[in-house]
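Enquirer: quick one: sequence plus predicted model below, questions after.
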There are 4 protein chains.
Amino acid sequence: MNYGLVIDTVFKQILAEPSNGHVASYIPELLKVNPDCFGVALTLIDNTSYSIGDAEIKFSIQSIAKVFSLALGYKTLGDKIWERVGVEPSGTAFNSLLQLEADHGKPRNPFINSGALVICDILLSQIKDVKSELLAFIRHISDNQSIDYSPNIALSEKLNGFRNIALCNFIKSFHNIHNHPEDVLDLYFNLCSIEMTCSELSKSFLFLANDGKKTTDQSTILTSSQTKRINAVMQTCGFYDESGEFTFKVGLPGKSGVGGGILAIHPKLYSIVTWSPRLNEKGNSEKGMKFLELFTTQTKYSIF
Amino acid sequence: MNYGLVIDTVFKQILAEPSNGHVASYIPELLKVNPDCFGVALTLIDNTSYSIGDAEIKFSIQSIAKVFSLALGYKTLGDKIWERVGVEPSGTAFNSLLQLEADHGKPRNPFINSGALVICDILLSQIKDVKSELLAFIRHISDNQSIDYSPNIALSEKLNGFRNIALCNFIKSFHNIHNHPEDVLDLYFNLCSIEMTCSELSKSFLFLANDGKKTTDQSTILTSSQTKRINAVMQTCGFYDESGEFTFKVGLPGKSGVGGGILAIHPKLYSIVTWSPRLNEKGNSEKGMKFLELFTTQTKYSIF
Amino acid sequence: MNYGLVIDTVFKQILAEPSNGHVASYIPELLKVNPDCFGVALTLIDNTSYSIGDAEIKFSIQSIAKVFSLALGYKTLGDKIWERVGVEPSGTAFNSLLQLEADHGKPRNPFINSGALVICDILLSQIKDVKSELLAFIRHISDNQSIDYSPNIALSEKLNGFRNIALCNFIKSFHNIHNHPEDVLDLYFNLCSIEMTCSELSKSFLFLANDGKKTTDQSTILTSSQTKRINAVMQTCGFYDESGEFTFKVGLPGKSGVGGGILAIHPKLYSIVTWSPRLNEKGNSEKGMKFLELFTTQTKYSIF
Amino acid sequence: MNYGLVIDTVFKQILAEPSNGHVASYIPELLKVNPDCFGVALTLIDNTSYSIGDAEIKFSIQSIAKVFSLALGYKTLGDKIWERVGVEPSGTAFNSLLQLEADHGKPRNPFINSGALVICDILLSQIKDVKSELLAFIRHISDNQSIDYSPNIALSEKLNGFRNIALCNFIKSFHNIHNHPEDVLDLYFNLCSIEMTCSELSKSFLFLANDGKKTTDQSTILTSSQTKRINAVMQTCGFYDESGEFTFKVGLPGKSGVGGGILAIHPKLYSIVTWSPRLNEKGNSEKGMKFLELFTTQTKYSIF
């Protein structure tokens, strides 16, 4: 398979298509980005990599960071984390609060905001100096010491994060947040503020395609079983209420962020990341979704 | 991989475990079954097969039949069926009617009852003498002319099917049922009444592991793309509000029925069917779920 | 108080105002009405009456008939009816099915469709030849033998009543409908099909302003306590999700119908009925609501 | 009518009945109360008053205070407040957050917590030094300078008020809170912390039975129309999801608080307040509800 050629061809095709999507506007910082940026990076488990377009520009990874926090939480607490957060898709954005109420404060999965807040709460309870440790973990799996929180974005998230503040206090009222909501929210807003490039993200998450081991030194990040399960949860829950659509069209486990990034994993083969800030109405990158659909069609690869 | 040995070992282990599950009781016919039946049948795409326990006893396949109707509907109408039914998981049983209302009568996916009713409506509009044709289709892909509707079970479903009658009329009020509700329900109740054995089911659905082609003569049932997409929808939506759990634990696309059957597909490898009538509280076969979890763990195979 | 003068003045004012409302269109029969009809009839408990405009034209009373069925059901079964149907407002049209699910098939109150269906079911269980007896009851309290079901409207309701068929079967699935859904729906569709004039309705329901006694002969229709309670339920539940608005603006217990009629009761004083087929977006008569608001303002009478 | 005798008789009857209700436990301060306290105070609009039992003991009036804030908000901003909060009953406690989402952050009415938070936000925007001014308003209509906030209870509410913090931030995310959530919550928690006796409450709210005028000097607190409308909203929304039940059984507009107090108004006649801390499962005072039901039955007075 000539991945480089497929990426090149598909990239040009999607680049040429018009996009009506809008850049996320809920915090001013996200609006500062050039809406027409478009980059792709692919890394095979043999560490071969391909990239094109704006693959080396840092962007706000937002919810893709929830895979980092889940990985660290899972590594730290093991299967006990599933007592605090579920593995079921949430159905619709529409009824997330209703579900939390019906489920007595146990979020449906770790990739919706409520679930990521509970994972942050778990990290706070388990790890001393967690903000540093989480960053150290990310730098370690990425082999990249430059990765950092963005204080501006974190602050902007906090100043505009009324719905997340609401969620965190709501879960607290069900006793499924153990720390002070302000501390949980501080970690959460910092987590979402991380900025990385397509290439960096693709390399960081390659362990999910490699049975939990870093491809550079085969050291273990997560067990094989934990890795499969994170991939499984990404498959059913990675794209909010478009998770079924992504599974249907792309056929790979993945995770999107409102910054316009999308991560997708082909177990045993590769990790691929796209970035284009214009979002469709479900909040997922329009060109990213289209690129990955065409890419898996042309490579005739999906897990199904 | 010695599949026969793994099946034998895991079967004995699960057989020995106690089960607190209850047999589906919503229609009297289902209660007549021996609750302790337990069978497994596996067929590889090279047509090698393994079976154990009650794999040759016919049981009511119930919702597993929704994969047959979807396959025929997809084959007949192509991607236009997705204008009438979605591909997203429904979240919870709890709010299915709420979702239908919010979604203006478009069911979330073809595997919940509302979605299967819309697929039946599509079949009625597209195919003359559809009850015969649907049966002919199932007999064709199964190479088995003995498969038939069970009039007793269909009648029992009809006499007790108030919730399905409600669903069908509710969707009709949104104009997403085009035929008379009674005709749609008649087809639906017949579809759910089909009785088959684990071995028969495993062979019937093997084309889903073989890129849409029958393994016996390589004739095409569905295109490769259609096949992947049915597998993808089974992955995210095959187990009602336990779809995430099944993906998480078993890691294969599949479909369950309240008769106690479970179908799971490993693309490129095999089709496996379990049957044990005792259900967990989500309405899925307790021993079947456990068997498949252990089976994929021991064979170290899942799609993730 | 010169009621005649107030009615005359307010009627002319409201008549002159433009209306953007639309006539109910869910069944063809309702569309045949002249949308600009407007009539008002008031009857005091001393049997003095005032009427203006199209007060003597028969129209489809639709949901106003639910007060008849509730009265007969309450008279027949007493307070036991409240074991089958509640007395709480339903909040919004939006979530009626969700509420039925959460409340295990017990409708919130007898004036939403689900509740009226349960009342019809109660009548079927309690009264032999109920269609005739219900009509006899209405003719008796109205002193009017000409009141009758409209077979055309009842048939039209039936042919288009998919949502009511859905509701009835849904409640049946919770065992809160005891008779066959078709029989319950037949009674319900006939009940809604009754046609009466403003004057006839005003006289019929005058007993609700007179402590349950007919004003013409002081014979008892309902006990004083039952009468107060029907008024109380009309106050909180008579106008679907605009019940609060009506209480807020008009301040009287009342009941509306999609045919454009509105009944309002001032206990100890009068019964008033308006009719104007153009409905606001909540399904209540636009001019009727405005007339009653202005009427109670000008007479300085409300129960608050 | 010998009110004193009726109160005496009914009080003794209800006092003798056992109660299984529980004292509100969501903040420690409320648990300190003697659960068996029971008091009643009635004031006629001619200023005659009757009281019995623990009518002179101060208790936490909690949500009854929402009538004070609504009165001041209505007086200050007039009918514009209804652009920010509705007048419809909310249906069930169950779906309050769902409704807020469906209604884009506009609470259903001013007596549920979300609505009272919006009223506090309005007061903050309209009135300088609002905490003092609100207290001055309450002291003025009560002719009682001793009424005050309880810092202990306000603090306890704040420390345990995660759900209210969630609500306030959720509404803020819809832009229907204009001030900082912390300031709104501070005012709200103080409002709920006020402690008064049955006698004090009965006298304070007597203006609602007297067309908006203080009975002691006939000075105007609210216009006649505003008064009727507050009564109307209490009628449909005063008892959370038991508002219909209260209207049905008691037939008067009223407002309850989790401290065990209940206020009821008979327009043109009287204001009555009961206090008994044991609550039924809907969160309303058990003995208070029963007393008022029996009281209105025996006095043969209700507004219906």
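Expert: Nice, thanks for sending it over. Numbering: from 1, shown residues only, chains lettered A, B, ... in the order given.

Enquirer: I'd like to know how many residues surround the closest residue to chain B within chain A.
Expert: Evaluated by Cβ to the nearest Cβ, chain A has residue A:91 as its residue closest to chain B, separated by 2.2 Å. In this view, the C-beta of every residue, glycine as well, is placed from N, C-alpha and C. If you count neighbours by other Cβ atoms under 10 Å in any protein chain shown, residue A:91 ends up with 27.

Enquirer: so what's the nearest residue to it once chain neighbours are set aside up against?
Expert: Leaving aside its sequence neighbours, residue A:91 sits nearest to residue B:91 (Cβ to Cβ, 6 or more residues apart in numbering or on different chains; 2.2 Å). With contacts defined as Cβ atoms under 8 Å, 6 or more residues apart in numbering or on different chains, the neighbours of residue B:91 are A:88, A:89, A:90, A:91, A:92, A:95, A:99, A:108, B:99, B:241.

Enquirer: just the closest of the residues you listed to residue C:143, please.
Expert: Residue C:143 has its nearest neighbour among the contacts of residue B:91 in residue B:99, at 49.6 Å by Cβ to Cβ.

Enquirer: next SSE downstream of the host helix or strand of the closest one?
Expert: Assigned by DSSP states H and E, residue B:99 belongs to helix B:96-102. Taking DSSP H and E as the definition, the helix or strand that follows helix B:96-102 towards the C-terminus is helix B:113-126.

Enquirer: separation between the residue nearest to residue A:91 and residue C:301?
Expert: Taking Cβ to Cβ, to the nearest Å as the measure, residue B:91 falls 50 Å from residue C:301.

Enquirer: now residue A:62
Expert: Per Cβ to Cβ, residue A:62 is found 60 Å from residue C:301.

Enquirer: just want the phi and psi numbers for residue A:41.
Expert: The phi and psi torsions at residue A:41 (degrees, to the nearest 10) take the values phi -140, psi 130.

Enquirer: count of residues packed around it?
Expert: With neighbours defined by other Cβ under 10 Å, the count for residue A:41 comes to 25.

Enquirer: next one: the one 3 residues further on
Expert: Residues within reach of residue A:44, counting by other Cβ under 10 Å, total 20.

Enquirer: need the contact list for the closest residue to it other than its chain neighbours.
Expert: Of all residues beyond its chain neighbours, the one nearest residue A:44 is residue A:270 (4.8 Å), with distances taken as Cβ to Cβ, 6+ apart. If a contact means Cβ under 8 Å, 6+ apart, then residue A:270 has A:3, A:42, A:43, A:44, A:45, A:206, A:209 as its contacts.

Enquirer: the third one: which element?
Expert: This means residue A:43. Under DSSP H and E, the secondary-structure element containing residue A:43 is strand A:39-44.

Enquirer: same for that strand, what does it pack against?
Expert: Under the contact definition 3 or more Cβ pairs under 8 Å, 6 or more residues apart in numbering or on different chains; DSSP states H and E, strand A:39-44 sits against helix A:3-16, strand A:49-53, helix A:198-204, strand A:270-275.

Enquirer: quick check, the helix holding residue B:99 touching chain D?
Expert: No - remark: helix B:96-102 sits outside contact range of chain D, by Cβ under 8 Å from any Cβ of the partner chain, the gap being at least 8.8 Å.

Enquirer: just stretch A:145-158 next, same as before
Expert: No - for a cut-off given as Cβ under 8 Å from any Cβ, stretch A:145-158 has no contacts with chain D; the smallest distance is 11.8 Å.

Enquirer: tell me the buried residues in that stretch?
Expert: If you call a residue buried by 16 or more other Cβ atoms under 10 Å in any protein chain shown, then stretch A:145-158 has these buried ones: A:147, A:149, A:150, A:153, A:154, A:156, A:157, A:158.

Enquirer: quick one: the fourth one and residue A:160 touch, right?
Expert: Same thing as residue A:153. No - applying Cβ atoms under 8 Å as the test, residue A:153 and residue A:160 come out as separate, 10.8 Å apart.

Enquirer: anything in contact with each of the two?
Expert: Overlap between the contact sets of residue A:153 and residue A:160, as judged by Cβ under 8 Å, 6+ apart, is given by residue A:27.

Enquirer: who's in contact with stretch A:173-182?
Expert: Taking Cβ under 8 Å, 6+ apart as the criterion, the residues outside stretch A:173-182 that touch it are A:84, A:100, A:104-107, A:117-118, A:121, A:124-125, A:165, A:168-169, A:171-172, A:184, D:162-163, D:165-166.

Enquirer: go with 6 Å
Expert: A:104, A:105, A:121, A:124, A:125, A:168, A:169, A:171, A:172, A:184, D:162, D:163 (Cβ atoms under 6 Å, 6 or more residues apart in numbering or on different chains).

Enquirer: just how off-centre is it within its chain?
Expert: 23 Å (Cα atoms, centre = their mean, to the nearest Å).

Enquirer: that stretch spans what distance, first to last residue?
Expert: 14 Å (Cα to Cα, to the nearest Å).

Enquirer: all strands of the stretch 151-300 of chain A, in order?
Expert: Under the criterion DSSP state E, counting those that start in this stretch, strands of the stretch 151-300 of chain A are mapped to A:195-196, A:254-256, A:261-266, A:270-275.

Enquirer: adding mean pLDDT, write the ones you listed out as JSON lines.
Expert: Putting these into JSON lines (pLDDT from 0 to 100) gives the following:
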{"stretch": "strand A:195-196", "mean pLDDT": "96"}
{"stretch": "strand A:254-256", "mean pLDDT": "97"}
{"stretch": "strand A:261-266", "mean pLDDT": "98"}
{"stretch": "strand A:270-275", "mean pLDDT": "98"}
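
Enquirer: can I get the helix or strand harbouring residue A:139 in PDB? Just the C-alpha atoms.
Expert: According to DSSP H and E, residue A:139 maps onto helix A:130-142. Presented in PDB, the C-alpha positions along helix A:130-142 are these (Å, rounded to 0.1, in the frame of the first residue of the first chain):
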ATOM      1  CA  VAL A 130      -1.500  15.800  39.000                       C
ATOM      2  CA  LYS A 131      -1.100  18.800  36.600                       C
ATOM      3  CA  SER A 132       2.600  18.200  36.300                       C
ATOM      4  CA  GLU A 133       2.200  14.400  36.200                       C
ATOM      5  CA  LEU A 134      -0.400  14.400  33.500                       C
ATOM      6  CA  LEU A 135       1.900  16.600  31.400                       C
ATOM      7  CA  ALA A 136       4.900  14.400  32.100                       C
ATOM      8  CA  PHE A 137       2.800  11.400  31.000                       C
ATOM      9  CA  ILE A 138       1.900  13.000  27.700                       C
ATOM     10  CA  ARG A 139       5.500  14.200  27.100                       C
ATOM     11  CA  HIS A 140       6.700  10.600  27.800                       C
ATOM     12  CA  ILE A 141       4.300   8.800  25.400                       C
ATOM     13  CA  SER A 142       5.000  11.600  22.800                       C
END
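
Enquirer: just how off-centre is it within its chain?
Expert: Worked out by Cα atoms, centre = their mean, helix A:130-142 lies 16 Å from the chain centre.

Enquirer: again with stretch A:20-29
Expert: Centre to centre, stretch against its chain (Cα atoms, centre = their mean), the figure for stretch A:20-29 is 18 Å.

Enquirer: quick one: buried residues of that stretch?
Expert: A:21, A:23, A:24, A:27, A:29.

Enquirer: of those residues, closest to residue C:196?
Expert: Closest approach between the buried residues of stretch A:20-29 and residue C:196, by Cβ to Cβ: residue A:21, at 56.4 Å.

Enquirer: and the gap between the closest one and residue B:256?
Expert: Counting by Cβ to Cβ, the separation of residue A:21 from residue B:256 is 37 Å.

Enquirer: what's the answer for residue A:282, then?
Expert: Distance of residue A:282 to residue B:256, given as Cβ to Cβ: 28 Å.

Enquirer: now residue A:114
Expert: Relative to residue B:256, and taking Cβ to Cβ, residue A:114 is found at 27 Å.

Enquirer: and those two? Which one has more around it.
Expert: Neighbour count, other Cβ under 10 Å: between residue A:114 and residue B:256, residue B:256 has more, with 29 against 26.

Enquirer: bridged to that one, which residues?
Expert: Beta-bridge pairing for residue B:256 (DSSP bridges): residue B:262.
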